[in-house]
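*Asks:* Quick one, fold the following:
(3 chains)
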Amino acid sequence: MGRAPCCDKANVKKGPWSPEEDARLKAYIEEHGTGGNWIALPQKIGLKRCGKSCRLRWLNYLRPNIKHGGFSEEEDNIICNLYISIGSRWSIIAAQLPGRTDNDIKNYWNTRLKKKLLGRRKQSNINRSPSGQSEDHLKDAEDAHALSSSALERLQLHMQLQSLQNHSLSTTLLHCGPSCILCKKRMIRRSSILCKPSDAPSRSSKPS
DNA sequence: AATCTTTTCAACCGCAAGTAT
DNA sequence: GATACTTGCGGTTGAAAAGAT
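*Replies:* Have a look, this model is predicted:
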């Protein structure tokens, strides 16, 4: 027996939010808060939306002080360093970047940052390799690219980043602040991450 | 100008953890 | 402790926009 659905899917609107829906959700939350119950929220407002959808819309788009696009080099560095350290724990990474959402960072990483870094690595391999080895190295890089989201990818990126920034650790500490526990843990984890048998611990054990 | 391909990003889905009863 | 329900998370999808041909 499966779980009860969080909402009546037949009577729930899906797809992009209209400006009217945004306005209603925003106005209600700004005046009353979420009431600690997202599931009941759409009914109160009169929106034909799933509570989860309302929550996501608020957190990723309507919430005050949200920044979209235009990631700085500093933010790039923080994202890269944290990804290498802890993997795809986007909510934790987002917590280090005020105004950024986990969804935004995840999208940015998957669509641009990863390519940017792997592209640099590919280029540096070509430049570094003596003739005869370059093809193998290039193939390796391409093969590794296909194994994205793995520990191998993080290893690649780690090495790539190291070559780009000798002071990466201090930079990250500077960005995140001295109280950032993640950065402190990195010092410990960095030494063991390369020989870890599996990826960073995940809440989910589901196969992808 | 039309068509095809690639990129971007908002939103959905399913799962696990947390909480209430 | 068991069950039901809600929340939060990360992976994935698909429509729209942008770019290439």
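*Asks:* which SS state does residue A:21 fall under?
*Replies:* When classified by DSSP: H, G, I helix; E, B strand; the rest coil, residue A:21 comes out as helix.
*Asks:* Chain A - how does it break down into domains?
*Replies:* A:13-62, A:73-193 (automatic domain parsing).
*Asks:* Which one of those domains has the poorest average confidence?
*Replies:* The weakest mean pLDDT among the domains of chain A belongs to domain A:73-193, with a mean of 64.
*Asks:* any idea how far residue A:51 is from DNA strand C?
*Replies:* Counting by C-beta to the nearest atom of the strand, to the nearest Å, the gap from residue A:51 to DNA strand C is 5 Å. (Each C-beta comes from the backbone N, C-alpha and C, glycine too.)
*Asks:* again with residue A:114
*Replies:* 12 Å.
*Asks:* Next: residue A:89.
*Replies:* Separation of residue A:89 from DNA strand C (C-beta to the nearest atom of the strand): 4 Å.
*Asks:* Then residue A:29?
*Replies:* Distance check for residue A:29 against DNA strand C: by C-beta to the nearest atom of the strand, it reads 12 Å.
*Asks:* what about that residue, helix or strand, and which?
*Replies:* Assessed by DSSP states H and E, residue A:29 sits inside helix A:19-32.
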